[in-house]
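>>> Structure here, sequence nowhere to be found:
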Ligand code: BGC
């Protein structure tokens, strides 16, 4: 009897050993696959300021792209977006921190586009590529390393297309006499400029006005004010201009939509007696709505979605050690430019329905 019990126990023991061995194999199989590190790409996005409408629209599309890509590829994508409150020193510190935390790629919207060297030095020393965007570094900085890129748009083209909106209107005799209220054959205008030193400010301003003049139309500049891309600042500047020229302003040229909208806010608030022709650049949501309701005469579409997605495609490829998608077209191996397009009442519907 004892013998049988012992035999029974040893049988039980053997079974338990076999069972636990099987369990161990099974579990170790599970753990080993669970422990296979999920591939992760870490992308840092540094913007010059957190309150810029257009830049925020680019970063919104970046985040969206990442969430979609994660679903498609099963790769974890960390995207961290920080604003620098218009301080280059703050942005340099932010870049340093991301590099220390081993982010794979930095996407940088410089505060001061002439002061990229601090960030570039640190990135080069740690082999972290940089994609600059929207605020174009000077050529010599970008030429320092083959892992520095720029994604944006060609400023000259936006100035030319803004001029085209104006000359298209002026070429229609009825429209011309509507704009040239005093009938003196010259359009009196004011211009609201972005930030001094930004590539888009100088180029858009010069190219737009010279193109209109070269197309055979006489312009007279009444005033020229910086409003730093900002709607409220533009409103304040426009109220001053309206006060200085109470019956003369026939046209407002703004370097971007927020400032064009700020000008409209001011004209409304002061009950300006004229209805100047107002043009902006970007095609932001509010601007599209203002074009649809015929308050804003036109804008130039700046492709925030195209830029945001291209930056992420590049960042992801570099983070995964893959080559760039063949669909991305580079200029001089470093630059990617999205095209601008005209937006007026005639085609605004297409932009309102697109998801920009
Ligand atoms: C946009 C502006 C924006 C600026 C910021 C320009 O390209 O048109 O709206 O404020 O970039 O850098």
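Perfect, thanks for sending it. Being a predicted model, the structure only gives us computed values, none of them experimental.
>>> can you confirm residue 188 is in a strand?
Yes - assignment of residue 188 by DSSP: H, G, I helix; E, B strand; the rest coil places it within a strand.
>>> quick thing: my sequence starts at 850, can you match it?
Let's use 850 as the start, then, which means that last one is residue 1037.
>>> how about it, what does it touch?
Contacts for residue 1037 were tallied using Cβ atoms under 8 Å, 6 or more residues apart in numbering; they are 1031, 1069, 1071, 1094, 1097-1100. C-beta: built from backbone N, CA, C; applies to glycine.
>>> what about the nearest residue to residue 1025 once chain neighbours are set aside, how many residues close to it?
What sits nearest to residue 1025 in space, not counting adjacent residues and going by Cβ to Cβ, 6 or more residues apart in numbering, is residue 1019, at 5.2 Å. As a burial measure, residue 1019 scores 21 neighbours (other Cβ atoms under 10 Å).
>>> all strands for this structure, in order.
Along the chain, the stretches classed as strands by DSSP state E are 889-896, 925-932, 954-957, 979-982, 997-1002, 1035-1042, 1067-1075, 1100-1103, 1126-1128, 1148-1150, 1184-1187, 1190-1192.
>>> Format those as CSV; extra columns: mean pLDDT and distance to the ligand.
Listed next are these as CSV, based on pLDDT from 0 to 100; distance: least, Cβ to the nearest ligand atom, whole Å:
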stretch, mean pLDDT, distance to the ligand
strand 889-896, 97, 9
strand 925-932, 98, 12
strand 954-957, 98, 12
strand 979-982, 98, 9
strand 997-1002, 98, 7
strand 1035-1042, 98, 11
strand 1067-1075, 98, 12
strand 1100-1103, 98, 10
strand 1126-1128, 99, 13
strand 1148-1150, 98, 9
strand 1184-1187, 98, 11
strand 1190-1192, 98, 13
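>>> Please convert those to TSV, extending it with distance to residue 939.
Output for the strands of the chain, formatted as TSV (distance: least, Cβ to Cβ, whole Å):
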stretch	distance to residue 939
strand 889-896	9
strand 925-932	9
strand 954-957	13
strand 979-982	17
strand 997-1002	21
strand 1035-1042	25
strand 1067-1075	22
strand 1100-1103	28
strand 1126-1128	34
strand 1148-1150	31
strand 1184-1187	27
strand 1190-1192	34
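>>> for residue 951, phi and psi?
Note on residue 951: backbone dihedrals following degrees, to the nearest 10 are phi 60, psi 40.
>>> what's the nearest residue to whatever residue of the stretch 850-999 of the chain ends up closest to the ligand if we skip its chain neighbours?
At 3.6 Å from the ligand, residue 903 is the closest residue in the stretch 850-999 of the chain, using Cβ to the nearest ligand atom. Of all residues not flanking residue 903 in the chain, residue 1131 sits nearest, at 5.1 Å (Cβ to Cβ, 6+ apart).
>>> measure the one you found to the ligand for me?
Distance of residue 1131 to the ligand, computed by Cβ to the nearest ligand atom, to the nearest Å: 5 Å.
>>> confidence score at that residue?
Confidence at residue 1131, expressed as pLDDT, is 98.
>>> With residue 924 instead?
Residue 924 is given a pLDDT of 94.
>>> is it true that it touches residue 915?
No - Residue 924 lies out of contact with residue 915 (Cβ atoms under 8 Å); the separation is 9.8 Å.
>>> which parts of the protein sit against the ligand?
Contact residues (Cβ under 6 Å from any ligand atom) of the chain with the ligand: 901, 903-904, 983-984, 1047, 1049, 1078, 1105, 1130-1131, 1151.
>>> go with 5 Å
Applying Cβ under 5 Å from any ligand atom, we find that the chain lies next to the ligand at 901, 903, 983-984, 1049, 1078, 1105, 1131.
>>> Tell me the most packed of the residues you listed, by neighbour count.
Neighbour max across the residues of the chain next to the ligand (other Cβ under 10 Å) = residue 1105, 32 neighbours.
>>> Torsion angles phi and psi at that one?
phi -150, psi 170.
>>> which ones are touching it?
903, 1043, 1049, 1078, 1129-1131.
>>> again, 10 Å this time
Taking Cβ atoms under 10 Å, 6 or more residues apart in numbering, we find residue 1105 in contact with 901-903, 1007, 1041-1043, 1049-1050, 1053, 1076-1080, 1083, 1111, 1129-1131, 1133, 1136, 1148-1149, 1151.
>>> try residue 1126
Contact criterion Cβ under 10 Å, 6+ apart gives 1014-1015, 1018-1019, 1024, 1027-1029, 1036, 1038, 1098-1102, 1145-1147 as the residues in contact with residue 1126.
>>> what separates stretch 1159-1172 from the chain centre, distance-wise?
Its chain's C-alpha centre and that of stretch 1159-1172 lie 17 Å apart, by Cα atoms, centre = their mean, to the nearest Å.
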